[in-house]
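[1] got a structure for you, letters missing:
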């Protein structure tokens, strides 16, 4: 029994493969019309999976082996919030970057990403001409 207690941890540590990949910087978010894109850089190749939280298997919301991904606001249920001061629309979601192909590990990250679209205020004017109407008998 003592033999098993000594050998078992050694076997487990020998079997456990090291996964040597990590994110080098936080993703860059690019806000576009109707979507948001992320550029992701890691130390060894592309992340295994990048997905919007809650949409791991949904096409268009989950990407494999990609460093540039685009999330459509409608497809991926991106949260939309109107703010009054300042006047803007905020679209936000949580994006998970999974480096290991099978497991969530300690080097994986989840990011709260958002895009802010300011509402423009524009005064519009038009010139008009008014003539008097003259009655003629």
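    Alright, I've got the coordinates. Quantities reported herein were computed from a predicted structural model and do not represent experimental measurements.
[2] contacts, neighbours, all on C-alpha from now
    Will do.
[3] quick check: residue 20 is in a helix.
    No. Applying DSSP: H, G, I helix; E, B strand; the rest coil, one finds residue 20 to be coil, outside a helix.
[4] ok, it - contacts?
    residue 44 (Cα atoms under 8 Å, 6 or more residues apart in numbering).
[5] what about 10 Å?
    Taking Cα atoms under 10 Å, 6 or more residues apart in numbering, we find residue 20 in contact with 43-44, 99-100, 107.
[6] of those residues, buried ones?
    99-100 (16 or more other Cα atoms under 10 Å).
[7] let me know the closest of the contacts of residue 20 to residue 117.
    The nearest member of the contacts of residue 20 to residue 117, counting by Cα to Cα, is residue 99 at 30.9 Å.
[8] these two touch, right, the closest one and residue 23?
    Yes. Residue 99 is in contact with residue 23 according to Cα atoms under 10 Å; the separation is 8.3 Å.
[9] show me where the protein has its strands.
    Ranges of strands within the chain are 28-32, 35-39, 49-52, 62-64, 68-72, 79-83, 88-98, 109-118, based on DSSP state E.
[10] centre-most residue in the protein?
    residue 95 (4.5 Å; Cα atoms, centre = their mean).
[11] dump the residue contacts of the nearest residue to that one once chain neighbours are set aside.
    Spatial nearest neighbour of residue 95, chain neighbours left out: residue 52 (4.6 Å); criterion: Cα to Cα, 6 or more residues apart in numbering. By Cα under 10 Å, 6+ apart, residue 52 lies in contact with 58, 60-63, 71, 76-78, 93-97, 110-112.
[12] thanks again, I'm all set now.
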